[in-house]
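Engineer: Dropping a prediction and its sequence here:
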Amino acid sequence: MRVDGMTLIQGLFLAGCLAGIVYHLLGILAAGRFHRQQQGQPGAWTPPVSILKPVRGADPHAFANFLSFCRQEYLQYEILFGVQDPRDPAIPVIRDLQSACPEVPIRLIIDESRIGANLKVCNLHNLVRHARHEVLVIADSDVRVGPEFLARVVAPLRTPRVGLVTCPYNGVSLRSLPAALEALSISTVFLPGVFFAADFGRVDFAFGAAIALRRSVLKEIGGFSAIADYLADDFQLGNRAAVLGYRVVVSTYVVESVTANAGFGPAFARLLRWSRTVRICRPHGYLASIITHSTFFGLAYFLATRCSPAGWLVFGAQQFCRWLAAGQIAVRVLGHRELRRWFWLLPVSDLLNIGLWVCSWLGNQVSWRGVRFRLVEGGRMIRVDHPPPATEEERWPVAGMGSSTGA
């Protein structure tokens with residue numbers, strides 16, 4: 001029997017749509033199991049902790065974000081803030097924090113030393129040399145947490161074979177369409193994939209909003225020096241810990257990432273950078289992720305069948321499962337109630353994400369902190385523009401050239 005081209009195309013779109021529906025249903029089950037599980041009882045094991053906060057610049061929410069880490073219901077911890085520019089606008093904010101919270105050991109490390117292309121990793125490398133404790137918690141500067149955060153995120157490390165703990169995150173303080181689209185992408189596309197991997201596969205990655213690990217595991221990985229030229233430093237930490245045989249745990253604690261509410265350009269650049277980074281780091285898994293874009297396949301099948309009854313039925317079933325999965329995971333599992341008023345943007349977000357998926361295969365360059373980089377195999381980044389000539393200090397950084405101040 002001869003099959004014409006249009007029938008073949010319809011069949012491909014239908015297969016993609018049905019695969020996406022199955023993925024959404026399995027994702028609901030995986031997220032539900034994740035939501036019900038317990039990963040150690042907070043307070044049962046409370047080793048001293050060093051919190052490392054690499055900082056560059058300050059936004060209007062910086063003080064509140066930083067302050068949330070000073071309100072932890074935890075016995076012993078210190079907070080180390082690191083900046084690389086002595087004129088960084090975050091420095092006065094950190095000084096104010098030290099004055100407001102004299103009971104918390106807060107230190108400010110100002111160190112311009114660089115060990116690679118990733119300036120965040122350079123900052124962390126400078127910070128960890130000053131950390132006093134074995135258990136390290138790394139948290140981005142835009143992250144806000146509740147008082148039980150530290151106890152919850154550290155608890156799984158009580159098991160020796162757990163090498164690293166990583167936290168899911170919600171994009172919050174959504175006051176613009178670009179911020180809402182970015183938050184929808186995180187909570188309804190990226191994190192469902194994480195829960196799916198945690199339930200049906202093996203977690204060998206991490207995401208940088210908040211990570212906990214032992215100093216000894218970091219040393220086995222090769223320290224921050226080993227990942228200083230990689231864009232996805234969070235992925236590298238999790239992946240290298242897993243390669244060494246350690247278990248990587250996705251924490252049940254969800255942190256808040258306070259959104260900058262920038263325009264469409266910066267938001268799209270961030271999402272494209274993330275997409276290309278994932279594609280470079282995990283090309284086969286990223287290629288397979290095409291099935292997660294069910295809205296594209298459902299709409300394509302609907303149009304390919306010329307809005308036939310079958311097209312309506314398939315597209316309606318796809319949209320029902322898509323919205324059900326998004327609501328269950330974003331609101332019930334992640335507790336992201338703020339996102340509910342932006343759910344009307346879900347189809348737009350889905351079409352944006354299939355566009356990003358396609359664009360991610362069309363080049364290897366990304367923009368990060370105003371600088372263009374080319375990503376090569378494994379996610380290592382190479383600067384493609386020409387920076388101004390380095391000074392002697394930049395060419396030959398002196399050990400200990402940074403300064404540390406504070407409690």
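Structural biologist: Yep, it's here. Residues are numbered from 1 along each chain as shown.

Engineer: what about the strands in the stretch 301-407 of the chain?
Structural biologist: 365-368, 371-375, 381-383, 403-406 (DSSP state E, counting those that start in this stretch).

Engineer: list the buried ones in the helix ranked longest in the chain?
Structural biologist: Assignment by DSSP state H gives helix 5-36 as the longest helix of the chain. By 16 or more other C-beta atoms under 10 Å, the buried positions in helix 5-36 come out as 10, 13-14, 16-21, 23-24, 26-28, 30-32, 34. Quick note: C-beta positions are derived from backbone N, CA and C, even for glycine.

Engineer: helices or strands next to that helix in the packing?
Structural biologist: helix 191-200, helix 294-304, helix 309-327 (3 or more C-beta pairs under 8 Å, 6 or more residues apart in numbering; DSSP states H and E).

Engineer: nearest residue to Pro178 other than its sequence neighbours?
Structural biologist: Leaving aside its sequence neighbours, Pro178 sits nearest to Ala267 (C-beta to C-beta, 6 or more residues apart in numbering; 3.8 Å).

Engineer: can you pull the contacts of that neighbour?
Structural biologist: When contacts are counted by C-beta atoms under 8 Å, 6 or more residues apart in numbering, Ala267 is found next to Pro178, Ala179, Leu181, Glu182.

Engineer: Secondary structure element for the closest residue to the last one other than its chain neighbours, which one?
Structural biologist: Sequence neighbours aside, Ala267 is the residue nearest to Glu182 in space, at 5.1 Å (criterion: C-beta to C-beta, 6+ apart). Element membership for Ala267 (DSSP states H and E) is helix 264-281.

Engineer: which parts of that helix are buried?
Structural biologist: In helix 264-281, counting by 16+ other C-beta under 10 Å, buried: 267-268, 270-281.

Engineer: will you turn those residues into TSV that also has distance to Leu351 and pLDDT?
Structural biologist: TSV is the format used below for the buried residues of helix 264-281 (distance: C-beta to C-beta, whole Å; pLDDT from 0 to 100):
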residue	distance to Leu351	pLDDT
Ala267	15	86
Phe268	13	88
Arg270	18	88
Leu271	13	90
Leu272	15	92
Arg273	19	91
Trp274	17	90
Ser275	14	93
Arg276	19	93
Thr277	21	90
Val278	19	90
Arg279	19	92
Ile280	24	91
Cys281	25	88
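
Engineer: For the residues you listed, please prepare a markdown table with the additional fields distance to Trp368.
Structural biologist: As requested, the buried residues of helix 264-281 are exported to a markdown table (distance: C-beta to C-beta, whole Å):
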| residue | distance to Trp368 |
| --- | --- |
| Ala267 | 14 |
| Phe268 | 14 |
| Arg270 | 9 |
| Leu271 | 13 |
| Leu272 | 11 |
| Arg273 | 6 |
| Trp274 | 11 |
| Ser275 | 13 |
| Arg276 | 11 |
| Thr277 | 10 |
| Val278 | 15 |
| Arg279 | 16 |
| Ile280 | 13 |
| Cys281 | 15 |
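
Engineer: Looking at those, which is nearest Ser141?
Structural biologist: Arg270 (15.3 Å; C-beta to C-beta).
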